[in-house]
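Student: Provided below for reference: sequence and predicted model.
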Amino acid sequence: MSIPTHPRSWVTSANDHPDFPLQNLPFGVFSQANSNRRGGVAIGDFIFDLQAALDASLFQGAARLAAEAASRAQLNDFFALGASARQALRNELLHLLDEANPQRERLQTMGERLLLPMSECRMHLPAQVGDYTDFYVGIHHATNVGKLFRPDNPLLPNYKYVPIAYHGRASTLCVSGTPVRRPNGQTLAPGADQPTFGPSKRLDYELEVGVWMGPGNAQGEAIGIADAGRHIAGFCLLNDWSARDLQAWEYQPLGPFLSKSFATSISPWVVTAEALAPFRSAQPVRAAGDPQPLAYLLDAQDQQSGALDIELEVLLATATMREQGVAPVRLALSNTLNMYWTVAQMVAHHSVNGCTLQPGDLFGTGTLSGPQAGQFGSLLEMTEGGKQEVQLPGGETRRFLEAGDEVILKARCRRDGEVSIGFGECRGVIVG
């Protein structure tokens, strides 16, 4: 049996890079010292500067039009162009950065103009987000949290019929590395009759994937599930920071508010649907007795290949660990296959009432926990609502996050015969 070979890049750091080999090529927005924001592509340890490539006339036709849109200070216009433009630019980038490119020597001489060290650049939010919606499609997280409040009935009846979601706060989305300030709000202590005001004492993270919207829809016109894929521009990591004590007091009857709206961190690189194509999977079979999705949420092709097989990881580094040079400790390892609903089902349901989705809108999947210990995507689950301590190196313990704690999310796509790709990191340090 022959072993498949894969193209390599003349950008040598890409050939063994854990996140950004030639096969990935995610898009982002960056700046250098004393420079404006502009679009680029991650390749190994570098950012391929799209504006510099345009100035050098490296793109033609549809690829040039797409590169012009992707080189701007936000990617909304690029997302709006859709899959064909994205694919044209990706194909040209694959050719330009391939070590077999006949123009390799010329491109290498332009290296300092085209390739900027990632370590010397600052990353920004990839797009201007008009609307942010956070779903709840991680069934194991929903079950685990439900057990804390309703041990005999953890999942409400609508969960297996409706992709549950709430509208988040777009104004407090922040790029990886942005410090997260502990929020204030009202809490009700156990046994108390009146709430008190002050900083949250039960601050938590949530392991999620973000979904970037591409071309939108006109108001009143639903996106059919068979067509939903062409409306998805790409993916990122997302940490939906949560103040559990604020949440417990405010969430009835309308759901999360101040407990979620203070900060949501995302990774800066948009991993495209094309890069993730080799890692598509069949949607896991529903448990016996679960209802079949209603017709507008059911598509045979989506069930056969609409899921994604992405390994998700949560790590924690306390201030003491960093001072002592101790590596971050893994808290959880999960997978996107723990999604009860596919991304296409999320898009179809969100728009079925005629809601307008726009390029640059962002979805969160909800916390993607696995069914077993070691796979839980939040401290709420790990500590059983704060009842148990999480043991950390050096004798430290945690029930919820403390000042100086840094949460790090990572993702990895692996499959036999394919080059592994990653998402970069989504980091945030708790202040206060």
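Tutor: Everything's here; your move.

Student: what's the domain layout of this structure?
Tutor: 12-124, 132-431 (automatic domain parsing).

Student: what's the closest of the ones you listed to Thr5?
Tutor: Closest approach to Thr5 among the domains of the chain (C-beta to C-beta): domain 132-431, 10.3 Å. C-beta: built from backbone N, CA, C; applies to glycine.

Student: for that closest one, the distance to its chain's centre please.
Tutor: 8 Å (C-alpha atoms, centre = their mean, to the nearest Å).

Student: First-to-last residue distance for that domain?
Tutor: 24 Å (C-alpha to C-alpha, to the nearest Å).

Student: Kindly report the same for stretch 378-387.
Tutor: Using C-alpha to C-alpha, the two ends of stretch 378-387 sit 14 Å apart.

Student: Doesn't Asn15 lie inside a helix?
Tutor: Yes - if the criterion is DSSP: H, G, I helix; E, B strand; the rest coil, then Asn15 is within a helix.

Student: what's the spacing between the nearest residue in space to it that is not next to it in sequence and Gln23?
Tutor: Of all residues not flanking Asn15 in the chain, Arg8 sits nearest, at 5.0 Å (C-beta to C-beta, 6 or more residues apart in numbering). Separation of Arg8 from Gln23 (C-beta to C-beta, to the nearest Å) stands at 10 Å.

Student: Arg90 too?
Tutor: For Arg90, the distance to Gln23 - C-beta to C-beta - is 10 Å.

Student: Can you work out which residues contact both of these two?
Tutor: Ala275 (C-beta atoms under 8 Å, 6 or more residues apart in numbering).

Student: what's the distance between the residue nearest to Asn15 and Trp269?
Tutor: Applying C-beta to C-beta to Arg8 and Trp269 gives a distance of 21 Å.

Student: what do you get for Ala73?
Tutor: 16 Å.

Student: go on, Leu97?
Tutor: Taking C-beta to C-beta, one finds Leu97 at 16 Å from Trp269.

Student: what about these two, which has more around it?
Tutor: Trp269 (30 against 24; other C-beta atoms under 10 Å).

Student: Test my guess that that one contacts Gly28.
Tutor: Yes - assessed by C-beta atoms under 8 Å, Trp269 is found in contact with Gly28 at 4.7 Å.

Student: those helices in the protein, which residues are they?
Tutor: Assigned by DSSP state H, the chain shows helices spanning 50-55, 61-70, 76-81, 83-97, 104-109, 111-114, 139-149, 244-250, 258-261, 273-276, 300-305, 319-323, 343-351, 379-382.

Student: Among the ones you listed, single out whichever gets nearest to Phe400.
Tutor: helix 379-382 (5.5 Å).

Student: For that closest one, buried residues please.
Tutor: Of all the residues in helix 379-382, those buried under the rule 16 or more other C-beta atoms under 10 Å are Leu379, Leu380, Glu381, Met382.

Student: go on, stretch 131-151?
Tutor: Buried, per 16+ other C-beta under 10 Å, within stretch 131-151: 131-145, 147.

Student: Straight-line length of that stretch, end to end?
Tutor: Terminal-residue distance, stretch 131-151 (C-alpha to C-alpha): 34 Å.

Student: Now do the contacts for Ala216.
Tutor: Wrong residue type there; residue 216 is Gly, not Ala. With C-beta under 8 Å, 6+ apart, Gly216 has these contacts: Ala80, His231, Thr356, Leu357, Gln358, Pro359, Asp361.

Student: In terms of pLDDT, where does it sit?
Tutor: In this model, Gly216 is scored at 97, pLDDT.

Student: That one and Ser334, how far apart?
Tutor: 30 Å.

Student: And for Gln303?
Tutor: 22 Å.

Student: Then Pro179?
Tutor: The separation that Pro179 has from Ser334, given C-beta to C-beta, amounts to 25 Å.

Student: from memory Ile164 sits against Thr133, does it?
Tutor: No - the pair Ile164 and Thr133 does not pass the contact test of C-beta under 8 Å, sitting 10.8 Å apart.

Student: residue ranges of the strands in the stretch 101-250 of the chain, please?
Tutor: Taking DSSP state E, counting those that start in this stretch as the test, the strands found in the stretch 101-250 of the chain are 115-117, 122-124, 132-135, 165-167, 173-175, 180-181, 184-187, 196-199, 203-204, 207-213, 232-239, 242-243.

Student: among those strands, which is nearest Asn338?
Tutor: Judging these by C-beta to C-beta, what sits closest to Asn338 is strand 207-213, at 10.1 Å.

Student: can you pull out the strands in the stretch 301-432 of the chain?
Tutor: 307-308, 311-317, 329-335, 362-364, 390-391, 397-398, 406-413, 421-422, 426-431.

Student: Given the fifth one, what are its sheet partners and their directions?
Tutor: The reference is to strand 390-391. strand 397-398 (antiparallel) (DSSP bridges).

Student: What lies in contact with the partner strand?
Tutor: Contacts for strand 397-398 (C-beta under 8 Å, 6+ apart): Leu316, Thr318, Leu379, Thr383, Glu389, Val390, Gln391, Leu392, Asp405.

Student: Could you measure from the closest residue to the fourth one other than its chain neighbours over to Asp245?
Tutor: Taking C-beta to C-beta, 6+ apart as the measure, Thr383 lies nearest to Arg399, with 4.9 Å between them; neighbours along the chain are not counted. To Asp245, Arg399 is 12 Å away according to C-beta to C-beta.
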